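>>> pasting a predicted model and its sequence here:
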Amino acid sequence: MALSEAPASGAKTPGARKIEKKIEMVSATRGVSDEVRRQIDERTFEDWSPEKLLGWAIDRFHPRLALSASFGAPEGMALLHMMHALEPGSRVFVLDTGRMHEATYDLIDRVRDRYDKSVEVVFPNAADVEEMVRSKGANLFYESLENRKSCCFVRKVEPMRRYLRDLDAYVSGLRRDQNANRSATAKVALDSSHGGIVKINPLADWTRDQVWGYIEAHDVPVNRLHKAGYPSVGCAPCTRAVPHGGDERDGRWWWENDDTKECGLHVTEEQDQGSGI
Ligand code: SF4
């Protein structure tokens with residue numbers, strides 16, 4: 001650069017201004033603001049209704065916000081309906097493990113038709129699945145807890161981590177009374193297992209009856225296997241019907257104890273170091 005073109009002391013070149021602008025844009029779309037951190041610390045959201053919380057989340061994070069729905073639980077479908085009513089362009093994703101029930105695929109298609117919505121289907125890494133199945137067999141999960149967690153890791157946890165890297169926040173249908181592991185679920189938290197992004201649980205304080213009341217009142221589409229006795233529908237080989245009156249998580253990984261029944265999607269980093277995954 002000729003001396004005559006050099007910026008005066010303290011002035012910024014066009015290149016430096018461009019880089020600063022880029023950094024500003026990245027900072028504005030990633031990470032969590034101090035205000036949100038303060039609201040989480042002060043538990044500001046705990047009394048908010050699901051609709052109020054979702055409205056806040058959409059205003060603040062859309063389109064870097066998505067609903068995580070299994071299409072096998074009524075909670076996710078209720079939230080999908082609420083989010084769609086607030087913002088028709090709201091995003092929803094499902095982890096297609098490759099072992100799901102036909103009824104779950106049917107529900108994904110029904111949602112596409114009913115809401116004219118593109119469901120973001122996330123697949124596991126094909127090479128990882130191949131290696132796992134070749135070395136441990138297709139139904140490895142029945143043989144040990146370690147194998148079951150390996151399968152959940154390859155088919156659910158890794159794809160979820162990969163997908164969430166591009167978001168600032170996500171919504172989940174966790175409820176506190178689903179099992180012991182979920183009893184302390186906050187309405188809004190920072191998810192240390194997924195880079196510290198914001199995790200929003202609008203139904204944390206709802207009961208199962210409240211969820212079904214909402215589904216019926218709004219004619220929300222749900223997985224048809226609920227009518228066949230499946231309170232929650234996961235992968236086909238790992239889910240079964242539960243006799244009427246049984247605990248809603250009894251049909252998942254029924255050969256395990258209640259305190260091991262997590263796939264790793266909702267464990268904290270601390271749990272992750274121990275028995276979480
Ligand atoms: Fe594998 Fe069963 Fe976990 Fe599905 S629920 S990922 S089939 S272990």
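Great, that's in hand. Numbering: from 1, shown residues only.
>>> which stretches of the protein have low pLDDT?
Scanning the chain with the threshold set as pLDDT under 70 gives 1-31, 245, 248, 258-277.
>>> contacting residues around the residue nearest the centre of it?
In the chain, the residue lying closest to the centroid (CA atoms, centre = their mean) is Ser68, at 3.3 Å. Residues counted as contacts of Ser68 (CB atoms under 8 Å, 6 or more residues apart in numbering) are Gly76, Phe93, Met160, Tyr170, Val171, Ser172, Gly173, Leu265. No exception for glycine: its C-beta is placed from N, CA and C like everyone else's.
>>> for Lys136, same thing?
Applying CB under 8 Å, 6+ apart, one finds that Lys136 lies in contact with Glu143, Asn147, Ser150.
>>> all helices of the protein, in order?
Using DSSP state H, the helices of the chain run over 14-29, 34-41, 50-61, 74-86, 102-115, 126-136, 145-152, 158-164, 208-218, 269-271.
>>> ok so, going back, the residue nearest to the centre of the chain and Gly229: what is the separation?
Separation of Ser68 from Gly229 (CB to CB, to the nearest Å): 25 Å.
>>> ditto for Trp56
37 Å.
>>> and the stretch 1-150 of the chain, which residues reach the ligand?
Thr97, Arg99, Phe141, Arg148 (CB under 6 Å from any ligand atom).
>>> for the stretch 151-277 of the chain, same thing?
So far as CB under 6 Å from any ligand atom goes, the stretch 151-277 of the chain lies against the ligand at Cys151, Cys152, Arg155, Lys156, Gly234, Cys235, Pro237, Cys238, Cys263.
>>> of those, closest to Glu256?
Nearest to Glu256 among those: Cys238, at 9.7 Å, using CB to CB.
>>> what count of nearby residues applies to the residue nearest to the closest one when sequence neighbours are not counted?
Among residues not flanking Cys238 along the chain, Trp253 sits closest, at 5.5 Å (CB to CB, 6 or more residues apart in numbering). Neighbourhood size, Trp253 [other CB atoms under 10 Å]: 23.
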